[in-house]
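**Student:** Just need the structure, nothing else, for what follows:
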Amino acid sequence: MAAITIRTLNDNDALDFQNLRLRALKEHPDAFGSTYERESAYSLEFVAERLRLTAESPNNFTLGAYRQEDLIGVVGFRRLTGEKEQHRGHIWGMYVRSEDQGKGIGKNILTHALELAKSLPGLGQVELAVVTRNKQARELYASLGFVSCGTNPRALFVGGEYLDEEHMVIFLKSV
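**Tutor:** Down below sits the predicted model:
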């Protein structure tokens, strides 16, 4: 099996990112706040611009896990910007292709994201939200040190069904 390379995505990765993101939204509509219908309407130029801005930001990033030329996993990070909230960051869009799940790729890419987050001055915690019935993802997050800090009942409405989200946090350091 070829080695996995994890790197920050930029505007040159827009097509790979858009294809993988749309696949994630289509295959797992209950795992994300956005929808396939919404994001399939995004132009490639729009996606490229978002990735460019994120790559140029000192406080946000999108990481991709590549096996040779194939993007097989992604995770995003954004830091909150409010004066009273900038000690907090948020993980978003975590996804590994179904055929590559269970091979440690998700843990690897998320560990890399946490290492980058730890290098940000004044960042004290990283948060995420996960649908409560997604046991595999919840176990992955817990294995890296995330702890539950509450549940948002009926956070999402997907396919005629309400889904609860568990909010999780990992404390990096005191500010």
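**Student:** What segments of the protein are helices?
**Tutor:** Using DSSP state H, the helices of the chain run over 14-27, 36-40, 44-56, 105-118, 135-143.
**Student:** As JSON lines, those with mean pLDDT would be great.
**Tutor:** Below are the helices of the chain laid out as JSON lines (pLDDT from 0 to 100):
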{"stretch": "helix 14-27", "mean pLDDT": "97"}
{"stretch": "helix 36-40", "mean pLDDT": "96"}
{"stretch": "helix 44-56", "mean pLDDT": "97"}
{"stretch": "helix 105-118", "mean pLDDT": "96"}
{"stretch": "helix 135-143", "mean pLDDT": "96"}
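**Student:** Indicate which one of these is closest to G73.
**Tutor:** Among those, the nearest to G73 by C-beta to C-beta is helix 105-118 (5.1 Å). To be clear about C-beta, it is placed using only N, CA and C from the backbone, and glycine gets the same treatment.
**Student:** Run the angle between that closest one and helix 135-143 for me.
**Tutor:** Using axes from the mean of the first three to the mean of the last three C-alpha atoms, to 10 degrees, the inter-axis angle of helix 105-118 relative to helix 135-143 is 40 degrees.
**Student:** Who are the contact partners of R79?
**Tutor:** R79 makes contacts with N59, N60, Q86, R88, G89, H90, L120, L123, as judged by C-beta atoms under 8 Å, 6 or more residues apart in numbering.
**Student:** So which of those residues is the closest to A41?
**Tutor:** Nearest to A41 among the contacts of R79: N60, at 22.9 Å, using C-beta to C-beta.
**Student:** Bridge partners for the closest one, pull those for me.
**Tutor:** Judged by DSSP bridges, the bridge partners of N60 are R78.
**Student:** same deal with L163?
**Tutor:** Under the criterion used (DSSP bridges), L163 bridges to L156.
**Student:** coming back round to it: output the helices of the chain as CSV; include the columns mean neighbour count.
**Tutor:** Below are the helices of the chain laid out as CSV (neighbours: other C-beta atoms under 10 Å):
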stretch, mean neighbour count
helix 14-27, 18
helix 36-40, 13
helix 44-56, 15
helix 105-118, 18
helix 135-143, 15
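**Student:** any chance of these in CSV, plus distance to A155?
**Tutor:** Formatted as CSV, the helices of the chain follow (distance: least, C-beta to C-beta, whole Å):
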stretch, distance to A155
helix 14-27, 17
helix 36-40, 17
helix 44-56, 24
helix 105-118, 21
helix 135-143, 14
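**Student:** need the contact list for Y36.
**Tutor:** Residues in contact with Y36 (C-beta under 8 Å, 6+ apart) are L22, L25, K26, P29.
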